[in-house]
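K.L.:
Structure for this input, please:
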Amino acid sequence: MKFFAASDVGLVRKRNEDYFVISEERDLVVLCDGMGGHPGGDIASRMAAEQIRQAVESETVAQDVPLEMEKADELRAFLTLLRGIFVADHKLREYGDANPEYRGMGTTVVALQHHQGHLCAAHVGDSRIYVFRNKALEQITNDHSVVATHPEYAHLAGWVATTL
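P.N.:
Coordinates of the predicted model:
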């Protein structure tokens with residue numbers, strides 16, 4: 001499988017807080033986008049992406065994985081990815097607690113990992129994963145945001161939430 005990642009600041013923002021890692025040996029790509037308006041978004045995106053990559057490459061799975069997940073053979077290969085996301089969240093909170101100027105920093109995460117014909121897509125936040133098939137893009141994730149969960153608050157964000 002071949003992975004490609006690119007990032008662009010776009011036309012609106014002056015700074016890009018995206019950070020991505022690719023691990024070809026683990027068929028993994030992770031993209032994190034620091035939360036704008038919060039301090040340290042660029043630090044959060046780098047820390048999270050690197051932590052997830054490190055977890056997948058170390059192949060260490062905690063003993064406290066729910067039994068249901070251990071029994072699902074298709075998920076077993078992706079436990080390090082899922083655990084890496086949780087560990088990254090914990091590390092960001094610790095960093096914010098130790099460095100008050102970065103308290104509240106955060107990032108979105110989108111990650112894809114391939115293993116023996118299965119593809120695991122994991123995400124947190126409002127960065128999206130799409131699949132391209134039949135000459136069309138289809139969004140396969142749902143945003144984790146206040147506006148996505150409560151569209152009645154869209155006017156507070158200054159935009160309207162839409163779904164594909």
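
K.L.:
now the strands for the protein?
P.N.:
18-23, 28-34, 107-115, 118-124, 130-133, 136-139 (DSSP state E).

K.L.:
Now render the ones you listed as JSON lines, adding distance to residue 145, mean neighbour count and mean pLDDT.
P.N.:
Yep, even glycine has a C-beta here, placed from its N, CA and C like the rest. Shown next, in JSON lines, are the strands of the chain (distance: least, Cβ to Cβ, whole Å; neighbours: other Cβ atoms under 10 Å; pLDDT from 0 to 100):
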{"stretch": "strand 18-23", "distance to residue 145": "17", "mean neighbour count": "19", "mean pLDDT": "93"}
{"stretch": "strand 28-34", "distance to residue 145": "13", "mean neighbour count": "25", "mean pLDDT": "94"}
{"stretch": "strand 107-115", "distance to residue 145": "9", "mean neighbour count": "22", "mean pLDDT": "93"}
{"stretch": "strand 118-124", "distance to residue 145": "11", "mean neighbour count": "16", "mean pLDDT": "91"}
{"stretch": "strand 130-133", "distance to residue 145": "17", "mean neighbour count": "10", "mean pLDDT": "88"}
{"stretch": "strand 136-139", "distance to residue 145": "14", "mean neighbour count": "11", "mean pLDDT": "91"}
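
K.L.:
Make TSV out of these and add distance to residue 5.
P.N.:
TSV is the format used below for the strands of the chain (distance: least, Cβ to Cβ, whole Å):
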stretch	distance to residue 5
strand 18-23	4
strand 28-34	6
strand 107-115	10
strand 118-124	15
strand 130-133	14
strand 136-139	17
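
K.L.:
quick one: which of the ones you listed is nearest residue 11?
P.N.:
Nearest to residue 11 among the strands of the chain is strand 18-23; the distance by Cβ to Cβ comes to 15.1 Å.

K.L.:
who does the closest one pair up with?
P.N.:
Pairing partners of strand 18-23, with direction, according to DSSP bridges: strand 28-34 (antiparallel).

K.L.:
Distance check, the spatially most central residue of the chain against residue 130.
P.N.:
Nearest to the mean C-alpha position of the chain, by Cα atoms, centre = their mean, lies residue 109 at 1.3 Å. Distance of residue 109 to residue 130, given as Cβ to Cβ, to the nearest Å: 16 Å.

K.L.:
What of residue 95?
P.N.:
31 Å.

K.L.:
For residue 58, which non-adjacent residue is spatially closest?
P.N.:
Closest residue to residue 58 apart from its sequence neighbours, by Cβ to Cβ, 6 or more residues apart in numbering: residue 80 at 7.2 Å.

K.L.:
quick one on the thing from earlier: and the residue nearest to the centre of the chain, what does it touch?
P.N.:
By Cβ atoms under 8 Å, 6 or more residues apart in numbering, the contact set of residue 109 is 30-32, 48-49, 52, 85, 88, 122-125, 127.
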